[in-house]
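[1] Sequence and computational prediction follow.
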Amino acid sequence: MRKGAVSVSEINDREQTEEEPLRSGSRAGRAVWRRGNRWCRAGVRSRHSRNRRRRQKHGIRRRQARAAWFFLAPSLAGVAVFNAVPFADVVRRSFLDAMGRTRVGLANYAAVCENAAFRLASLNTVRFLAVCLPLLMLTSFALALLVFRRDGKGNLYKTTMVLPLVIPVAAMVLVWKIILCQDGVLNELLNGLARAVGGTDAARAGEAAAQVAKLWDRDWVNSSAAFPILIITYIWKNAGYDLLLWLAGLASVSESLYDAARVDGAGAWARLCYITLPGLSGTFGLVLILSVVNSFRVYREAYLLAGSYPDMSIYMIPHLFSHWFLTLDVQNMCTGSMLLVAAALLMAGAAQTLRLAFLRGTRRKKRKR
């Protein structure tokens with residue numbers, strides 16, 4: 001064996017001598033035990049401290065929740081007394097007779113659905129929603145894209161487009177009636193244009209003027225053109241409100257995404273499809289719901305334009321409820337209200353479904369890329 005080499009037996013003897021104090025309970029063994037016990041106690045203390053902090057957080061949250069419910073209690077009580085209780089009574093009365101004493105089941109619903117005025121008002125309301133909502137959302141979105149500037153230079157255009165929103169409805173409708181009535185501005189302009197076209201021949205000037213004078217004397221509000229006029233009036237009045245919502249959504253989209261897309265060579269249409277529209281998915285749902293809710297307030301414009309008995313094309317649900325209220329037909333009002341609530345819930349569900357489908361489509365496009 002070489003000098004300085006260590007044999008296997010010496011290595012085993014050395015390991016046994018090193019393990020001997022630990023086995024025999026010597027000072028080194030007790031030190032190791034104390035060290036391990038200290039580590040164990042430290043772990044237990046850290047676990048207890050984590051649990052204590054967790055309990056403290058839960059306690060703070062419970063106290064905050066109690067405080068929130070305490071401050072919300074007056075409002076909730078008001079909602080319960082003035083909204084929930086009357087709504088429950090409406091639900092109950094929709095299944096009772098006119099005196100509110102005998103249960104009639106679904107007879108009230110069948111009678112209201114067979115009512116010709118209710119069918120006409122419902123059809124006109126659905127047609128108004130189907131035509132006006134897409135036009136309103138597209139118009140407001142296009143205007144928002146045109147005036148949106150992060151440098152603040154588009155504030156003048158924003159103010160101009162929001163001005164119709166702050167004009168009182170009565171004043172707005174008065175201006176439209178001045179333009180569209182039988183002796184209004186529109187008829188005078190059309191008659192003047194017709195006179196200019198038909199008065200080229202001096203010999204027939206007097207005869208043409210007499211004929212043209214009666215050519216445009218149409219009452220636009222109380223004719224078949226009442227429905228397009230109502231849509232134009234409503235969009236002109238409410239586009240500014242949706243414009244503000246779209247602008248808030250556009251401001252929330254990060255500018256760095258557009259910068260990265262420009263660096264990658266994406267055009268305006270690609271940035272709109274892959275950055276702007278996915279970033280406005282939440283805003284789309286909000287604008288759609290608020291637009292549907294606000295569309296039921298079109299009664300103001302229709303009533304002020306044409307009165308309680310307008311043209312058949314703009315006879316809406318609010319007109320029908322106004323007539324039921326004047327005749328104190330509580331039974332039909334309760335039943336019709338429940339049908340409107342069911343229709344509103346269906347539209348809300350359809351809007352949520354469209355939003356989810358839009359989100360799934362954008363996610364699939366991202367995965368394909």
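    It's in.
[2] pLDDT score for Thr139?
    As summarised for this prediction, Thr139 has a pLDDT of 90.
[3] check which helix or strand covers the closest residue to it other than its chain neighbours.
    Using CB to CB, 6 or more residues apart in numbering and skipping residues adjacent in sequence, the residue nearest Thr139 is Ala239, 5.4 Å away. Placement of C-beta: from N, CA and C, glycine included. In the assignment (DSSP states H and E), Ala239 maps to helix 226-252.
[4] now do Gly349
    Following DSSP H and E, one finds Gly349 within helix 330-368.
[5] ok, the residue nearest to Ala226 when sequence neighbours are not counted - contacts?
    If you skip the residues right next to it in sequence, Ala226 has Asp311 as its closest partner in space, 4.1 Å away by CB to CB, 6+ apart. With contact taken as CB atoms under 8 Å, 6 or more residues apart in numbering, Asp311 is in contact with Val221, Asn222, Ser223, Ser224, Ala226, Phe227.
[6] swap the cut-off to 10 Å and go again
    Residues in contact with Asp311, defined by CB atoms under 10 Å, 6 or more residues apart in numbering, are 124, 219, 221-227, 229-230, 302, 305.
[7] Closest one to Leu320 out of the residues you listed, please.
    The shortest distance between Leu320 and any of those, using CB to CB, involves Asn124 and amounts to 9.9 Å.
[8] Name the SS class of that closest one, please.
    The three-state label for Asn124, taken from DSSP: H, G, I helix; E, B strand; the rest coil, comes out as helix.
[9] That one and Ser308: what is the separation?
    In this structure, Asn124 and Ser308 are separated by 15 Å, where distance is defined by CB to CB, to the nearest Å.
[10] Settle it for me: which of the two has more neighbours?
    Neighbours were counted for Asn124 and for Ser308 using other CB atoms under 10 Å; Asn124 has more, 23 against 11.
[11] From what I see, the more buried one and Ile317 are in contact.
    Yes. In this structure Asn124 lies within contact range of Ile317 using CB atoms under 10 Å: 8.1 Å.
[12] got the phi/psi numbers for Arg103?
    Its backbone dihedrals place Arg103 at phi -80, psi 130, with angles given as degrees, to the nearest 10.
[13] which non-adjacent residue is nearest Ala306?
    Taking CB to CB, 6+ apart as the measure, Ala306 lies nearest to Val221, with 5.2 Å between them; neighbours along the chain are not counted.
[14] what about stretch 107-114, average pLDDT?
    Per-residue confidence for stretch 107-114 averages out to 86 on the pLDDT scale.
[15] Any idea which residue is closest to the centre of this structure?
    By CA atoms, centre = their mean, the mean C-alpha position of the chain lies nearest to Leu286, the distance being 1.8 Å.
[16] in the stretch 201-350 of the chain, which ranges drop under the pLDDT threshold?
    Scanning the stretch 201-350 of the chain for pLDDT under 70 picks out the ranges 201-217.
[17] re earlier: distance check, the residue nearest to Ala226 against Val126.
    To Val126, Asp311 is 17 Å away according to CB to CB.
[18] And Leu326, by the same measure?
    To Val126, Leu326 is 24 Å away according to CB to CB.
[19] Please apply the same query to Leu272.
    31 Å.
[20] and Leu326 and Val126? which has more neighbours close in?
    Here Leu326 and Val126 are compared on neighbour count by other CB under 10 Å; more neighbours surround Val126, at 12 against 9.
[21] Name all residues that make contact with the more buried one.
    Taking CB under 10 Å, 6+ apart as the definition of contact, the neighbours of Val126 are Ile317, Ala343.
[22] The same query, at a cut-off of 7 Å, please.
    The neighbours of Val126, taking CB atoms under 7 Å, 6 or more residues apart in numbering as the test, come to nothing; the list is empty.
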